[in-house]
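S.K.: Coordinates for the following, if possible.
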Amino acid sequence: MKKFVVLMLVLGMASLASATIIMDVQAEANTNEDFTVTISGVASGIAPGMYFDIGLYGDGAALITSNAITAAAGASGAVAPYDPVWLGYELTVGEAVDDTLPGNDPSDGLWITFTGSSAVEGTYTFELWDYAVSLSAPTATGSINIVPEPMTMVLLGLGGLFLRRRK
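M.R.: This next block holds a predicted model:
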């Protein structure tokens, strides 16, 4: 019984030291309207100098037009340019090279906000890869549905009524 309690305590302490990375994708947007994809995390309890290598991929990643890194990502947080070969973005949150620089370690909260838009309706997917967790499957997935703007739907409806009336 004593060994079991020690094992539970060790496993409990290990779970406290792990970080959580969260991706939030806006569910729906009109065509030619901006949408957001945010990546945030809970980094409390991790060792100083810890960093995260993350990838954002999927057919939705090609729609991204800009990104903004927040202070919570650490002073050396970075987003590499869109990679057309891998169809996505490589992200670094925190810094492992020099943990003596102030502000390098990530903190809890919003790390990166991506903004994008599409003129073409459809459903676009995003995959978040945390390379410390898995190299064979995404850590999180999400999708956004791009729909025609309401005025386009009204004009299509009126056109349909006009054609029906002519018959």
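S.K.: how about the strands in this structure?
M.R.: For the chain, the strands defined by DSSP state E cover 20-25, 28-30, 35-42, 51-57, 64-69, 78-79, 88-94, 109-116, 122-130, 140-147.
S.K.: Against which helices or strands is the second one packed?
M.R.: Contacts defined by 3 or more CB pairs under 8 Å, 6 or more residues apart in numbering; DSSP states H and E place strand 28-30 against strand 140-147. From N, CA and C alone the C-beta is placed, and that goes for glycine too.
S.K.: can you rerun that using 10 Å?
M.R.: On a contact count with 3 or more CB pairs under 10 Å, 6 or more residues apart in numbering; DSSP states H and E, strand 28-30 meets strand 35-42, strand 140-147, helix 150-166.
S.K.: how about the ones you listed, which one is nearest S107?
M.R.: Judged by CB to CB, the one of these that comes nearest to S107 is strand 35-42, at 8.8 Å.
S.K.: Output the closest one in PDB with nothing but the alpha carbons.
M.R.: This file holds the C-alpha atoms of strand 35-42, laid out as PDB (Å, rounded to 0.1, in the frame of the first residue of the first chain):
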ATOM      1  CA  PHE A  35     -11.800  35.100 -38.600                       C
ATOM      2  CA  THR A  36      -9.400  34.200 -35.700                       C
ATOM      3  CA  VAL A  37      -7.500  31.200 -34.500                       C
ATOM      4  CA  THR A  38      -6.000  31.600 -31.100                       C
ATOM      5  CA  ILE A  39      -3.300  29.500 -29.300                       C
ATOM      6  CA  SER A  40      -3.100  29.800 -25.600                       C
ATOM      7  CA  GLY A  41      -1.500  27.800 -22.900                       C
ATOM      8  CA  VAL A  42      -1.000  27.000 -19.200                       C
END
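S.K.: Run through the protein and note the low-pLDDT ranges.
M.R.: For the chain, applying pLDDT under 70 flags the ranges 1-19, 45-49, 75-76, 95-104, 151-153, 166-167.
S.K.: any idea how far S40 lies from E90?
M.R.: For S40, the distance to E90 equals 18 Å [CB to CB, to the nearest Å].
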